[in-house]
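A.B. asks: Here is the input, now give the coordinates:
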Amino acid sequence: MSALAAVLFDMDGTLVDTEVLWWDATEEIAARLGHRLTHTDAPEVVGRAVEDTAAHLVRITGAPDRDGVVTALTTAFQERVDEGAPLRPGAGRLLADLEQEGVPFALVSASPRSVVDSVVGGALARVPFAFTLSADDTDRTKPHPDPYRAAARRLGASPEACVAIEDSPDGAASADAAGCRVLVVPSLLPVPSGQRRTFADSLEDVSLDELRSLVTDGTAALPTDSRLEPRVRG
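C.D. replies: Next up, the predicted model:
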């Protein structure tokens, strides 16, 4: 029987309410390029790395400068994050419980390093993460398994002994492919079910004992609605 080695947290939409900020930033840049962002764009925006969303906007608008779109998206998002990103409900209590019990936890994000550092220095200040991983720290970011594999390796743990907490389809796919148990707390998009995935409506519903049970027997009795409707505008 395995023991819980570590908890690996996604950042945007999971610990902090930044997915809406990312959507707003993308909406602004898309409008500059002559495109009105709608729910049909959501799979290319929510939980995606900035390069992926930029590539999508270039495809649909014909914008000639992908690097310029990347820079514009990053700047627009950074400006919003710098104004403040509130914690998601239950995040502070769960982080405090893990710290008190001595369970290692790290941040695994698909955001650029500049955004991660801004949030960790603001809304997540004084949270004792073992380390933080950004999109800049692995060759490939989510939905590829690289970030979660790198996090487990850095902790000296097997992915199977780690629980990843995610809110998006791409994030869940990344953690799942790495071999982690995945706790999904959907935010803007519904997330498909999977053999290693457990769903909760809110971090307020999650206890440390329930996280441990995901590793020991793969199940936890958590309130869930894995078929949440998308909350994007358009």
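
A.B. asks: Count the residues that sit near the residue nearest to residue 105 when sequence neighbours are not counted.
C.D. replies: Counting by C-beta to C-beta, 6 or more residues apart in numbering, residue 105 lies nearest to residue 7, which is 4.4 Å off, once chain neighbours are set aside. Every C-beta, even on glycine, is put in place using the N, C-alpha and C of the backbone. Neighbour count of residue 7, defined by other C-beta atoms under 10 Å: 26.

A.B. asks: would you say residue 7 is within a helix?
C.D. replies: No. Going by DSSP: H, G, I helix; E, B strand; the rest coil, the assignment for residue 7 is strand, not a helix.

A.B. asks: so what's it up against?
C.D. replies: If you count contacts by C-beta atoms under 8 Å, 6 or more residues apart in numbering, residue 7 has them with 98, 103, 104, 105, 106, 162, 163, 164, 165, 211.

A.B. asks: In JSON lines, list those along with secondary structure.
C.D. replies: Output for the contacts of residue 7, formatted as JSON lines (three-state DSSP):
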{"residue": "98", "secondary structure": "helix"}
{"residue": "103", "secondary structure": "coil"}
{"residue": "104", "secondary structure": "coil"}
{"residue": "105", "secondary structure": "strand"}
{"residue": "106", "secondary structure": "strand"}
{"residue": "162", "secondary structure": "strand"}
{"residue": "163", "secondary structure": "strand"}
{"residue": "164", "secondary structure": "strand"}
{"residue": "165", "secondary structure": "strand"}
{"residue": "211", "secondary structure": "helix"}
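
A.B. asks: Most neighbours among these, please name it.
C.D. replies: Greatest neighbour count in the contacts of residue 7, by other C-beta under 10 Å, goes to residue 164: 31 neighbours.

A.B. asks: Check the gap between that one and residue 63 for me.
C.D. replies: Distance, residue 164 to residue 63, by C-beta to C-beta, to the nearest Å: 34 Å.

A.B. asks: next one: residue 71
C.D. replies: Here residue 71 is placed at a distance of 12 Å from residue 63 (C-beta to C-beta).

A.B. asks: now residue 112
C.D. replies: In terms of C-beta to C-beta, residue 112 sits 20 Å off from residue 63.

A.B. asks: pLDDT weak spots in the protein?
C.D. replies: For the chain, the stretches with pLDDT under 70 are 1, 218-234.

A.B. asks: Using the record's domain definitions, break this protein down for me.
C.D. replies: 6-17+86-216, 19-82 (automatic domain parsing).

A.B. asks: now the first one: how far from the chain's centre is it?
C.D. replies: Just to be clear, that refers to domain 6-17+86-216. Domain 6-17+86-216 sits 7 Å away from the centroid of its parent chain (C-alpha atoms, centre = their mean, to the nearest Å).

A.B. asks: Could you do the last one as well?
C.D. replies: When C-alpha coordinates are averaged (C-alpha atoms, centre = their mean), domain 19-82 and its chain have centres 17 Å apart.
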